[in-house]
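Visitor: Compute the structure for the input listed below.
(one chain, ligands or ions: 1)
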Amino acid sequence: MAVVGDGQLARMMAEAAGPLGVRLRLLAGDPDSSAAQVIPDVQLGQHTDEAAVRAIVKDAAVLTFDHEHVPNEILLRLQSEGVPVGPPPQALVHAQDKLVMRERLSELIGDRHALADLPVWARVRTPAEVTSFGDATGWPVIVKTPRGGYDGKGVVVAGSAGDVPSEWFEKFPDGLLAEEKVDFRRELAVLVARSPSGQASAWPVVETIQVDSICDEVIAPAPGLPAELAGAATELALRIAGELGVTGVLAVEGFETADGRFLVNELAMRPHNSGHWTIEGSVTSQFEQHLRAVLDLPLGEVGAREKWTVMVNVLGGKYPDLYRSYLHVMARDPKAKVHLYGKGVRPGRKLGHVTCYGDDLDDVRARARHAADFIRGVIEE
Ligand code: ADP
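Guide: Next comes the predicted model:
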């Protein structure tokens, strides 16, 4: 199997590939990257270089990714030559471009649905169009670049059109995405997987907690989520996967509104941070399921193993050496599972995560938080 992208997602795919006897061939930008450290068959090159992508697909059963950034033209050409691409470029474009995604999902959802829907949105090409949108929906509004955003980059809260960086309009002449500022209770994510044959599965809906627009904590399942809302969100995610022809894992991130609805924010077509809890917390992890799905193998069972599973990300802090914390963290809590990605420490960079599980949610959260904070050096004890 060929994998483009050398980050922690490809690294964790390798963890799942071992027991399945699946060999991965990696296209990595850096020989010391997170994934290249654990996958022996590495081709060095850029994901934007067609020759480099071609070099890894030879004889591979399928081409998959740990990010969304391979240019669609390259994938379309490979696909037309018979290379199986999972997810296919026709689906992937909806995870690459927020306007393409909003347009397609608006069509798919149709008339405004009571429980699972999109935020009110519009394509805006000029500051004047931002003003008309804000006047119509109420200020402030959220304005986003359609492409290239991550972890809150490419997103502004605009109290007036003047708050939108003027270069964005020049860089994206086809328009920016404007949307209502959703009054949300919390953020949720629905993770599903779908195979080319059309088999699909859905993990329990989770709550995700962001700090400075970066995922900090994930609670599985989302505490106190009404069954009807969980059902509507899951049904929508499965419909999106089916109608867009997604193969592999699809993450649908969204908001639970104050009035009890689920509004879709973003799609990711690969294993996702909101699903790291499944490594210990589910019978089948998102990484195993992704491999099974893109290979068109029967999918695994996705029930939770424990009542609660909590994952806390380890972001770069002040200490360059994360391993100094192992003695304390492992001795204090033998049930905590630490995952470090082998990445160099930079402030704010995702370097690893900790997963804890058990029957008492407060205790599970406190243990995962303590371990993650100790590793990154936020607390000394
Ligand atoms: P990114 O591509 O950087 O992940 P997102 O679209 O997920 O961008 O936005 C980043 C964060 O900004 C979200 O996690 C959420 O907290 C906030 N946000 C995004 N869109 C809205 C919205 N329409 N209303 C309120 N908050 C929003």
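Visitor: drop to CA atoms for contacts and neighbour counts, all remaining ones
Guide: OK.
Visitor: what's the neighbour count on residue 114?
Guide: Here the count is done by other CA atoms under 10 Å, and residue 114 has 10 residues near it.
Visitor: what's around residue 228, how many residues?
Guide: Count around residue 228 with other CA under 10 Å applied: 10.
Visitor: Kindly report the same for the one 10 residues further on.
Guide: A total of 23 residues lie near residue 238 under the criterion other CA under 10 Å.
Visitor: before we move on, what about residue 37?
Guide: So residue 37, with other CA under 10 Å, has 16 neighbours.
Visitor: was I right about it contacting residue 31?
Guide: Yes. Contact criterion CA atoms under 8 Å: residue 37 and residue 31 qualify, at 7.3 Å.
Visitor: any shared contact partners between those two?
Guide: Counting by CA atoms under 8 Å, 6 or more residues apart in numbering, residue 37 and residue 31 have no common neighbour.
Visitor: how close does the residue nearest to the spatial centre of the chain sit to the ligand?
Guide: The C-alpha lying nearest the average C-alpha coordinate of the chain belongs to residue 272 (CA atoms, centre = their mean; 3.3 Å). Distance, residue 272 to the ligand, using CA to the nearest ligand atom, to the nearest Å: 12 Å.
Visitor: Residue 155 too?
Guide: For residue 155, the distance to the ligand - CA to the nearest ligand atom - is 6 Å.
Visitor: Kindly report the same for residue 243.
Guide: For residue 243, the distance to the ligand - CA to the nearest ligand atom - is 22 Å.
Visitor: cool, and residue 319?
Guide: Going from residue 319 to the ligand by CA to the nearest ligand atom gives 26 Å.
Visitor: State the distance from that residue to residue 331.
Guide: Using CA to CA, to the nearest Å, we find residue 319 at a distance of 20 Å from residue 331.
Visitor: of those two, who's got more company?
Guide: Relative neighbour count places residue 319 above the other of residue 319 and residue 331, with 15 against 10, counting by other CA under 10 Å.
Visitor: Test my guess that that one contacts residue 376.
Guide: Yes. Residue 319 is in contact with residue 376 according to CA under 8 Å; the separation is 6.7 Å.
Visitor: And the next helix or strand past whichever strand or helix holds residue 3?
Guide: In this structure, residue 3 sits in strand 2-4 according to DSSP states H and E. Remark: after strand 2-4, the chain's next helix or strand is helix 8-20, criterion DSSP H and E.
Visitor: Give the other helices and strands that the top helix by length along the chain contacts.
Guide: The helix that spans the most residues within the chain, counting by DSSP state H, is helix 227-244. If you count contacts as 3 or more CA pairs under 8 Å, 6 or more residues apart in numbering; DSSP states H and E, helix 227-244 packs onto strand 116-117, strand 184-194, strand 200-202, strand 248-257.
Visitor: will you turn those into JSON lines that also has mean pLDDT and mean neighbour count?
Guide: Compiled in JSON lines, the helices and strands packed on helix 227-244 are given as follows (pLDDT from 0 to 100; neighbours: other CA atoms under 10 Å):
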{"stretch": "strand 116-117", "mean pLDDT": "96", "mean neighbour count": "24"}
{"stretch": "strand 184-194", "mean pLDDT": "98", "mean neighbour count": "24"}
{"stretch": "strand 200-202", "mean pLDDT": "98", "mean neighbour count": "20"}
{"stretch": "strand 248-257", "mean pLDDT": "98", "mean neighbour count": "26"}
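Visitor: Of those, which is nearest residue 17?
Guide: strand 248-257 (14.1 Å; CA to CA).
Visitor: Convert the C-alpha atoms of the following helix or strand past that closest one to CSV, please.
Guide: Downstream of strand 248-257, the first helix or strand assigned by DSSP H and E is strand 262-268. Output in CSV follows, covering the C-alpha atoms of strand 262-268 (Å, rounded to 0.1, in the frame of the first residue of the first chain):
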residue,chain,number,x,y,z
PHE,A,262,-25.6,19.6,14.7
LEU,A,263,-24.1,21.9,12.2
VAL,A,264,-21.3,20.6,10.0
ASN,A,265,-18.1,22.6,9.9
GLU,A,266,-15.3,20.6,8.3
LEU,A,267,-14.6,17.3,6.6
ALA,A,268,-11.3,15.3,6.7
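Visitor: Show the average pLDDT along strand 262-268.
Guide: Mean per-residue pLDDT for strand 262-268: 97.
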